[in-house]
Every structure is written in C-alpha cells, then in structure tokens.
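Asks: Pasting the sequence and the predicted model now:
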Amino acid sequence: MADVQVLKKRGYTLGISLGEGSYAKVKSAYSNRLKTNVAVKIINRKKAPSDFLEKFLPRELEILASLNHRNIVRAYEIFETSEGKVYMVMELGVQGDLLEFIKFRGALPEDFSRKLFCQLSSAIKYVHDLDVVHRDLKCENLLLDKDFNLKVSDFGFSRRISYDESGRMVLSKTFCGSAAYAAPEVLQGIPYNPKVYDIWSMGVVLFVMLCGSMPYDDSNVKKMLKIQKEHRVNFPRSKSVPTECKDLIYRMLNPDVARRIEIDDILEHSWLKGKPKGHAGSKKHHQDGPSTSKNESKEEARHVPDSENRTATKTGSESRCCEDKHGCAGPSRQANPRSAPEAKPNDYESD
C-alpha cells in the first residue's frame, strides 16, 4: 500500500518531501487529530542494512517512545505495516535547525543564547537522569519551534547506559557523532563516559551560538586534538562574550574528563542563572527571534560550516542525504526538516 494511503487511514495528509535516501525518507504531513503539521520518517526494512535494523533502529524507537520533555522532539506515533515499513510521526521543527538559523542570522544575542542553552541543558539533564545519552549533539540536531524554543532531535546514536556487577558505568568504546563536536577522548579512541561526551558537545554548541563560528577547525583533526588537549579556547576578538560565559564554555571544553563540568553544575552556573536583559524574553523576541543586521549575519555565516562540511552535500534546497557506515544512504535519523547530514562510511559506529 502506498504511503499516502497508509497515512490517510491513520488520519494524516501527506505533504512535501523533507529528505530521502536509499532506505528511508522524511516527509511533512498534517495530522487531523492533532490539528497541526508533523514530520513523518518512513523506513523501509527491506532496504535497510542489517546492523541498522538490529541495533540503531530498535534503540531509537525504544528511547524516543520513552521520552517526554518540552525541549525534546516529541514522537506522536510509531507504527509498522505488514509490508515492512516503519512510520515515525514526530514533532516538526518549523523554524528549522539551529545551524541554518545561525548561518542565516549570525551569532545570537547573549540573552537568546542563554534561553536556548538553558533549554538544551534541561533536556540533557532529563535524559541523563534516565541514564540515556545522545552522543550526537550538534547544531544540526537542535530544532526550533514556531516560538523559537529549542528541541533536541536525532536520537539515532543514543543508547542507555549499562553498569557492571560492581555498579560501575560501562564505558563506550566506539566513535559516535561528528568530529567538530567530538571530545578529545572520543577522537583518540579512548573508552569514554558518554555523559561527559555530551557535555563537551554542549560546549561547542554554546560557542557557536555566541560566536557564530566553530571553536576548532576539524579540517586537520591531529592539529585540532593538540589544541584541545592544551585546553585552548580562542574566542573571536570581534565578539563580546561575557567572562562568566567564557568560564562556562571553558569548563565544558576541559580535556580532562575528571574535571569537565557536570550537567547539574551547568544548570547552577552563574551565567545560566543570569536574568534576560529585555528583548530576549519579550513577546516580540519569541515571535521573530533575535534581530541581526544583514551584513553581520552574512559575515558570520561564512565561518559556521556544517559540522561535517567536508563530507556533506546538499541534495536539495532544504535537505541533505546521509550515508551510514555501510554506505547505504538514508535521511537524517530524526525528522529534521532543514538538514539531513551525509557522513562518510565508517564516520559513525555504535557500541
């Protein structure tokens, strides 16, 4: 049965394509029950690689169904047909992803950055308390709703933490995510605490929000790793980043995993506790987002590459195809209406 008919029977009117690959695609749809637009990810089991079906997909489905947080993309419904197709109906990030937003608008105002980062921290605190880790936090996977609230998406590399007989966390051993957002211990192939890895990625995200550029150049991973291990974080002179915020970023980007700040301390940090200064909490701000001059946004956009800019290619005006480690193309693992990153084979693995 065609997708249109399957979804129509469930009360959805199929819309435009948001991304498509060899075994999966993402489309918009209108839900008659919810009275709103949604994103539908459709996976064809007959075309998907075996390890995706045995490992990645079950984890994502189980974890998505268990999460309920205002700053995490909501899964409204997940169902499968006898023809081997999985349908994941999810919340649609109507304002697109954070990367595209920053590339268009430039560096974000401090108060707006604080608002978004507080929402991100709240979401990560929630999943970490459930012993769930994301392992692929990056601007492309952070969506914005109609009121410019942040929504964490793409749980394709997430997993539940396991513990050994003595109660110690079993460390992850394989690379997950994007090099530009990856912690040094992950890049070095050292067994790592995935919760601590998420914190590093959050530090990179906050830097990009406030500076409109990446903190490290991942075109030379060896050189980048050397800079990271020396705990060097260079802020652009053209950007006025508050001292308290620099301190928070510096503590998140600590190469010493034992000294890297934890999520509870992030939420209590003085910068995150700061009060908004007018426009960021105003009604106009929530409707229109931060205001940035065209010249400023164009200049900064040149310095905010995709985190996988050396492996990603655009397949359309608002979609990119991705490729798993077997070279089987498919759309973003979470319904992301603006971007679906493309990775080289072996870029991603999961333990």
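Replies: Perfect, thanks for sending it.
Asks: contacts and neighbour counts: CA atoms only from here.
Replies: Noted.
Asks: which intervals of the stretch 151-300 of the chain have sub-threshold pLDDT?
Replies: Within the stretch 151-300 of the chain, the segments meeting pLDDT under 70 span 275-300.
Asks: Helices along that one, start to end?
Replies: 184-187, 194-211, 221-229, 243-252, 263-267, 283-288, 294-301 (DSSP state H, counting those that start in this stretch).
Asks: Same list, those helices, but as CSV with distance to residue 81 please.
Replies: What follows is these, written out as CSV (distance: least, C-alpha to C-alpha, whole Å):
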stretch, distance to residue 81
helix 184-187, 38
helix 194-211, 34
helix 221-229, 44
helix 243-252, 44
helix 263-267, 40
helix 283-288, 39
helix 294-301, 43
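Asks: Need the winner for burial among these.
Replies: helix 194-211 (a mean of 25; mean count of other C-alpha atoms under 10 Å).
Asks: contacting residues around that helix?
Replies: 102, 107-110, 113, 117, 128, 133-139, 171-172, 181-183, 186, 213-215, 235-236, 239, 241, 248-250, 252-254, 257, 260-263, 304 (C-alpha atoms under 8 Å, 6 or more residues apart in numbering).
Asks: Kindly give a single ChimeraX line that selects the buried subset of the residues you listed.
Replies: Those of those that count as buried under 16 or more other C-alpha atoms under 10 Å are selected in ChimeraX with:
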select :102,107,108,109,110,113,117,128,133,134,135,136,137,138,139,171,172,181,182,183,186,213,214,215,235,241,248,249,250,252,253,254,257,260,261,262,263,304
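Asks: Return the subset of the contacts of helix 194-211 lying in strands.
Replies: Using DSSP state E, the subset of the contacts of helix 194-211 located in strands is residue 133.
Asks: for the longest helix that the chain contains, which positions count as buried?
Replies: When the chain is scanned for its longest helix (criterion: DSSP state H), the result is helix 110-129. Neighbour counts over helix 110-129 (16+ other C-alpha under 10 Å) mark 110-128 as buried.
Asks: Kindly report the same for stretch 11-27.
Replies: Under 16+ other C-alpha under 10 Å, the buried positions of stretch 11-27 are 12-14, 17-27.
Asks: Mind picking the lowest-pLDDT entry from those residues?
Replies: Note: of those, the lowest pLDDT belongs to residue 19, at 82.
Asks: Dump the longest helix of the chain to PDB, restricted to CA.
Replies: Extracted in PDB, the C-alpha atoms of helix 110-129 (Å, rounded to 0.1, in the frame of the first residue of the first chain):
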ATOM      1  CA  GLU A 110      23.500  36.700  24.700                       C
ATOM      2  CA  ASP A 111      20.000  36.500  26.300                       C
ATOM      3  CA  PHE A 112      18.600  34.500  23.400                       C
ATOM      4  CA  SER A 113      21.700  32.100  23.600                       C
ATOM      5  CA  ARG A 114      21.100  31.800  27.300                       C
ATOM      6  CA  LYS A 115      17.400  30.900  26.800                       C
ATOM      7  CA  LEU A 116      18.300  28.200  24.200                       C
ATOM      8  CA  PHE A 117      21.200  26.800  26.100                       C
ATOM      9  CA  CYS A 118      19.100  26.600  29.300                       C
ATOM     10  CA  GLN A 119      16.500  24.600  27.300                       C
ATOM     11  CA  LEU A 120      19.300  22.300  25.900                       C
ATOM     12  CA  SER A 121      20.700  21.800  29.400                       C
ATOM     13  CA  SER A 122      17.300  21.000  30.800                       C
ATOM     14  CA  ALA A 123      16.700  18.400  28.100                       C
ATOM     15  CA  ILE A 124      20.100  16.800  28.600                       C
ATOM     16  CA  LYS A 125      19.700  16.800  32.400                       C
ATOM     17  CA  TYR A 126      16.400  14.900  31.800                       C
ATOM     18  CA  VAL A 127      17.800  12.200  29.500                       C
ATOM     19  CA  HIS A 128      21.000  11.800  31.600                       C
ATOM     20  CA  ASP A 129      18.900  11.200  34.700                       C
END
